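Colleague: Here is my input, please return the structure:
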Amino acid sequence: MPNDSLDQHLFRWSGGNQQQPTPISRWDTRYNMVKDIATGLHYVHHEYEPRVLHRDIKANNIMIDSGFQGRLGDFGLACVVAKGKESYTDIGAPGTLGFRAPEYIHSGKATTKSDIFAFGVLVLEIVTGKVAVDAQHHHLADWVWHLHKEGRLPDAIDPTLTTEFHTNDAKRLLLLGLACCQPNPSDRPTMVKALQIITKSEPPTDVPVEKPGFVWPPEEEQSLSSDNNYSTEQSSLGVHQTVTVGIEMTEAGQASSSENRGNGLHHRPIAGTSKELFSIYHTAEK
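Modeller: Residues are numbered from 1 along each chain as shown. Sure thing, here's the model as predicted:
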């Protein structure tokens, strides 16, 4: 593509290494970029037959054309969902650190909702100018959720933007990003709903100020089988306990932050032969 990929513009500009203003320094460019990406994802999820799951939505897989419009690119991990099916299961849950939905990491099962999780992370990157996972292994969604809880959501907006914008428009996208990053897939919007919010045919989505806990296995699966592989763990946690997503790790014990210590951190291998580990916290409701 004539203008390379989104990450080369977004993070070069937001990272303090600006040479001269580029289109990505404008708010209208960023808003339209989110709309372009959403339109493409809506197409492969709801218009194209058979349905396609991208499985690796991130800034460096968004190609920029000569008109500075965003295009979904790099379908190397994409998969076709068989007619009558809703998911595609793969060994090792391939994808990119910070963009893989918790249920996808746990099961290797990709769905439209796991794509939507990655889309939500990308939306937050575009609005904030920050990367999904920083050098301290903190996830962007957790930081934005913290600001949302404190009523300071506008503080997440990239301060390097060079054009004026309506704060409500930025909040609309930040709330959409958080909604798409909900830990439990049933709480995330579809791309139909997401596109309606972006085009302002629907109001901004409501997002809880507290990040919900990740429940595994999903409640609907628990009701189908009371003696599944996770029943022992569930009973040991107690009736009112949930599993809350922590961070992904590339090697056992690689990440260590003040947020991790003292929270009962333990590691569970991802399904398959992948060496990545999924870190979760066990937290009980008081």
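
Colleague: neighbours around G177, how many?
Modeller: Using other CB atoms under 10 Å, the number of residues around G177 comes to 28. To be clear about C-beta, it is placed using only N, CA and C from the backbone, and glycine gets the same treatment.

Colleague: what mean pLDDT does the helix or strand hosting it have?
Modeller: Take DSSP states H and E as the rule and G177 turns out to sit in helix 167-180. The average pLDDT within helix 167-180 is 97.

Colleague: That one - contacts with which helices or strands?
Modeller: Applying 3 or more CB pairs under 8 Å, 6 or more residues apart in numbering; DSSP states H and E, one finds that helix 167-180 makes contact with helix 27-42, helix 112-128, helix 140-149, helix 191-198.

Colleague: Specify the angle between it and helix 112-128 in degrees.
Modeller: Using axes from the mean of the first three to the mean of the last three CA atoms, to 10 degrees, the inter-axis angle of helix 167-180 relative to helix 112-128 is 150 degrees.

Colleague: Which positions within helix 167-180 qualify as buried?
Modeller: 169-180 (16 or more other CB atoms under 10 Å).

Colleague: most packed of the helices and strands packed on helix 167-180?
Modeller: Of all the helices and strands packed on helix 167-180, helix 112-128 carries the top mean neighbour count, a mean of 25, counting by mean count of other CB atoms under 10 Å.

Colleague: Just the CA atoms of that one, as PDB, please.
Modeller: Taking C-alpha atoms only, helix 112-128 is exported to PDB below (Å, rounded to 0.1, in the frame of the first residue of the first chain):
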ATOM      1  CA  THR A 112     -16.500 -13.100  15.700                       C
ATOM      2  CA  LYS A 113     -16.400 -12.000  19.300                       C
ATOM      3  CA  SER A 114     -12.700 -12.700  19.600                       C
ATOM      4  CA  ASP A 115     -12.100 -10.600  16.500                       C
ATOM      5  CA  ILE A 116     -14.200  -7.900  18.100                       C
ATOM      6  CA  PHE A 117     -12.000  -8.000  21.200                       C
ATOM      7  CA  ALA A 118      -8.900  -7.300  19.100                       C
ATOM      8  CA  PHE A 119     -10.800  -4.500  17.300                       C
ATOM      9  CA  GLY A 120     -11.600  -2.900  20.600                       C
ATOM     10  CA  VAL A 121      -7.900  -2.900  21.600                       C
ATOM     11  CA  LEU A 122      -7.100  -1.300  18.200                       C
ATOM     12  CA  VAL A 123      -9.700   1.400  18.700                       C
ATOM     13  CA  LEU A 124      -8.100   2.300  22.100                       C
ATOM     14  CA  GLU A 125      -4.700   2.400  20.500                       C
ATOM     15  CA  ILE A 126      -6.000   4.800  17.800                       C
ATOM     16  CA  VAL A 127      -7.600   7.200  20.300                       C
ATOM     17  CA  THR A 128      -4.900   7.200  22.900                       C
END
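
Colleague: how far does it sit from the chain's center?
Modeller: Per CA atoms, centre = their mean, to the nearest Å, the displacement of helix 112-128 from the mean C-alpha position of its chain is 4 Å.
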